[in-house]
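>>> for reference, the sequence and a predicted model appear below.
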Amino acid sequence: MSSQHTPRSSGKPPHGPPSAQEGDGLQAGLKNRHLSMIAIGGVIGAGLFVGSKAGIADAGPGILLSYALVGLLVVLVMRMLGEMAAADPTSGSFSTYADRALGRWAGFTIGWLYWFFWSVVLAVEATAAAEILEGWVPDVPQWGWALLVMVVLTGTNLISVGSYGEFEFWFAGIKVVAIVAFIVVGLIAFVGLPPADHFAGMENLTGQGGFLPNGPGAILSGMLLVVFSFMGSEIVTLAAAESPNPVTAVRKAVNSVIWRIGLFYLGSIFVIVSLLPWDSKAIATDGPYVAVLNALDIPYAGTVMDIVVLTAVLSCLNSGLYTASRMAYSLGERKDAPASFGRTNGRGVPTTAILASVAFGFVAVFFNYIAKDTVFEFLLNSSGAVALFVWLVICASQLRMRRRIERETPELLTVRMWLYPYLTWATIALIVFVIGYMFTDPDGRTQMILSLAVAAVVLVASLVKGRVQQGASGQQGAPSVPKPAAEADPLDAAGTPESSRS
């Protein structure tokens with residue numbers, strides 16, 4: 001494993017000098033406050049505000065256990081990822097570590113699957129933002145709003161990484177303030193302080209069929225509904241590579257993930273299920289957060305939550321474009337994508353990687369309007385299980401990388417996975433169990449089958465690519481004349497330390 005900690009990653013092509021427009025790789029344009037807010041806001045996605053009602057309807061108050069179990073899973077995975085990222089921050093994050101620990105096929109496959117996931121997310125979030133904006137200004141068609149938000153956020157990402165960080169700082173700040181205010185107001189109402197007119201107590205948690213009205217199995221069903229809303233916690237490990245002090249940024253993000261999940265997810269969901277009956281019609285029609293605010297007679301609750309949800313959607317769209325482009329950049333650097341993906345301009349921006357990612361997002365938006373129930377639904381389902389694949393690869397990579405780091409550069413282990421390797425294996429077992437359980441759920445089965453099919457196609461592509469490259473290198477090396485022993489290259493790969501070859 002490389003021990004290099006520079007936040008600048010070379011974007012030069014493997015042969016020849018760079019062009020006049022070509023930069024020297026990614027630059028440290030993210031400030032510490034950007035990284036802090038990206039880390040905090042990364043766990044607050046639009047799925048928390050919108051998608052949580054499905055989990056509540058399925059599991060009742062027991063959805064708290066579903067969120068707690070998935071939150072524990074994310075904490076453990078982030079600890080493993082943080083261990084590797086603190087030792088070697090890189091724009092490719094877990095894809096690069098999989099490349100080094102498991103093989104080129106693993107880095108190629110998980111990198112492209114992750115890029116595919118976030119490119120589809122661009123279309124989902126652009127459409128969600130357009131629906132809200134069309135409600136405010138119906139004279140502009142929905143596709144026009146989707147086009148506008150995509151163009152604006154693409155422009156901010158193309159300017160510089162600092163402009164992405166600044167937008168995300170304010171987007172995430174609004175989400176954090178909103179969710180904290182919601183929890184504070186909710187807890188005041190829960191204990192019966194003014195202006196609440198009565199003490200809610202445990203009535204809604206234990207009434208209407210009890211804490212688990214649909215049985216213990218609903219906890220697992222709830223996990224399937226909420227697991228993908230946690231996707232995004234890992235973004236800070238990619239962004240850290242473009243900060244002045246990536247090791248410190250990663251360490252802070254990993255150490256704070258427990259309270260972030262506990263506060264924003266468990267705290268807000270507790271407020272909802274304790275103040276309203278889980279089977280309340282208001283939760284199903286208005287959404288859980290609006291329903292609570294309406295029950296507390298908060299004026300303009302629907303408008304306030306529309307603004308918050310729009311902010312969350314724009315934040316997810318902004319981060320999704322950034323994340324997809326940085327993964328494409330890393331793949332280009334490792335020659336697992338077109339070489340142009342791995343190049344930057346003079347401002348350190350991977351322009352081609354950004355444009356390629358947003359182009360796929362535009363295509364997905366197009367299909368969302370002309371073939372929503374066929375092509376677009378396939379895109380959604382075939383990317384649905386990528387989060388679990390990513391977490392599983394992170395665990396497997398950490399098992400091997402930990403031994404390598406301890407052997408070669410133990411001083412880089414500033415973040416350590418707890419109870420290694422036992423907790424790592426336990427996390428792997430839990431992820432495999434969730435994957436297996438998805439096959440017992442009709443919707444989950446469709447997502448898993450299609451996601452596995454797409455993963456298989458990408459895996460085959462990586463193996464074919466490896467064979468082609470191996471054959472090409474063999475043909476190039478065949479006519480060469482071997483060097484005399486006295487002229488042997490002192491830096492021959494056989495004698496090069498593994499960290500240098502990486």
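Sure thing, it's come through. Residues are numbered from 1 along each chain as shown.

>>> can you pull the buried residues of stretch 403-417?
Within stretch 403-417, the residues that count as buried by 16 or more other Cβ atoms under 10 Å are Arg404, Ile405, Leu412, Val415, Met417. All C-beta spots, glycine's among them, are computed from the backbone N, C-alpha and C.

>>> and stretch 440-454, by the same measure?
For stretch 440-454, the buried set under the neighbour-count rule, 16+ other Cβ under 10 Å, comprises Gly444, Thr446, Gln447, Met448, Leu450, Ser451, Val454.

>>> so which of the residues you listed sits lowest on pLDDT?
Comparing pLDDT over these, the lowest score belongs to Gly444 (86).

>>> give the helix, strand or coil label for that residue.
When classified by DSSP: H, G, I helix; E, B strand; the rest coil, Gly444 comes out as helix.

>>> just the one 4 residues further on next, same as before
The three-state assignment at Met448 reads helix, by three-state DSSP.

>>> what of Pro89?
Under three-state DSSP, the three-state class of Pro89 is coil.

>>> what's the closest non-adjacent residue to it?
Distance criterion Cβ to Cβ, 6 or more residues apart in numbering; nearest residue to Pro89, sequence neighbours excluded, is Pro246 at 3.5 Å.

>>> next, that neighbour: phi, psi?
As for Pro246, its main-chain torsions (degrees, to the nearest 10) stand at phi -60, psi -40.

>>> I'd say Leu69 and Met223 touch.
Yes. Here Leu69 reaches Met223: they are 5.9 Å apart, a contact under Cβ atoms under 8 Å.

>>> got the contact list for Ser93?
Ser93 makes contact with Leu81, Ala85, Glu234, Thr237, Leu238, Ala241, Met327, Ser330 under the criterion Cβ atoms under 8 Å, 6 or more residues apart in numbering.

>>> any idea which of those residues is closest to Phe228?
Closest to Phe228 out of the contacts of Ser93 is Glu234 (13.1 Å), distances taken as Cβ to Cβ.

>>> name the nearest residue to the closest one, ignoring sequence neighbours.
Of all residues not flanking Glu234 in the chain, Leu81 sits nearest, at 5.9 Å (Cβ to Cβ, 6+ apart).

>>> CA atoms only: put stretch 58-73 into CSV for me.
The C-alpha trace of stretch 58-73 is given here as CSV (Å, rounded to 0.1, in the frame of the first residue of the first chain):
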residue,chain,number,x,y,z
ASP,A,58,-44.3,-1.6,7.4
ALA,A,59,-42.7,-2.0,10.8
GLY,A,60,-44.6,0.5,13.0
PRO,A,61,-42.6,1.9,16.0
GLY,A,62,-40.3,-1.1,15.5
ILE,A,63,-38.8,0.8,12.6
LEU,A,64,-36.5,2.3,15.2
LEU,A,65,-34.8,-1.1,15.5
SER,A,66,-34.5,-1.3,11.7
TYR,A,67,-32.8,2.1,11.7
ALA,A,68,-30.6,1.1,14.7
LEU,A,69,-29.4,-2.1,13.0
VAL,A,70,-28.7,-0.5,9.7
GLY,A,71,-27.0,2.4,11.5
LEU,A,72,-24.8,-0.1,13.4
LEU,A,73,-23.9,-1.7,10.1
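
>>> which outside residues touch it?
Taking contacts as Cβ under 8 Å, 6+ apart, the residues outside stretch 58-73 that touch it are 52, 55-56, 204-206, 208-214, 216, 218-223, 225-227, 230, 261-262, 265-266, 269-270, 273-274, 278-279, 391, 427, 430-431, 434.

>>> now the helices for the stretch 201-350 of the chain?
Ranges of helices in the stretch 201-350 of the chain, per DSSP state H, counting those that start in this stretch, are 203-206, 217-226, 235-239, 246-261, 268-275, 281-286, 288-295, 301-333.

>>> err, the stretch 51-200 of the chain, not the other one
Secondary structure of the stretch 51-200 of the chain (DSSP H, counting those that start in this stretch): helices located at 52-59, 63-87, 93-101, 104-136, 142-159, 161-191.

>>> Phe171: neighbouring residues, count only.
Applying other Cβ atoms under 10 Å, we find 24 residues neighbouring Phe171.

>>> same check, this time on Ala59
Neighbour count for Ala59, taken as other Cβ under 10 Å: 30.

>>> for Trp136, same thing?
12.

>>> cool, Ala128 as well?
Using other Cβ under 10 Å, the number of residues around Ala128 comes to 21.

>>> what sits against the nearest residue to it once chain neighbours are set aside?
Using Cβ to Cβ, 6+ apart and skipping residues adjacent in sequence, the residue nearest Ala128 is Val313, 4.8 Å away. Applying Cβ under 8 Å, 6+ apart, we find Val313 in contact with Ala46, Glu125, Ala128, Ala129, Ile132.

>>> please apply the same query to Met223.
The contact partners of Met223, by Cβ under 8 Å, 6+ apart, come to Ser66, Leu69, Val70, Val434, Tyr437.

>>> between the residues you listed, which sits nearest Thr156?
Val70 (31.1 Å).

>>> ok, Gly55 to Leu187 distance?
Note on Gly55: its distance to Leu187, by Cβ to Cβ, to the nearest Å, is 21 Å.

>>> try Gly232
In this structure, Gly232 and Leu187 are 26 Å apart, going by Cβ to Cβ.

>>> likewise for Arg326?
Taking Cβ to Cβ as the measure, Arg326 falls 38 Å from Leu187.

>>> what about those two, which has more around it?
Remark: of Arg326 and Leu187, Arg326 carries more neighbours, 28 against 15, as counted by other Cβ under 10 Å.

>>> nearest to Ile174, out of the helices of the stretch 201-350 of the chain?
Between Ile174 and those, the tightest spacing by Cβ to Cβ is seen for helix 301-333, at 4.5 Å.

>>> next SSE after that closest one?
The helix or strand immediately downstream of helix 301-333 is helix 351-370, counting by DSSP states H and E.

>>> on that earlier part again, closest one of the buried residues of stretch 440-454 to Pro350?
Val454 (24.1 Å).
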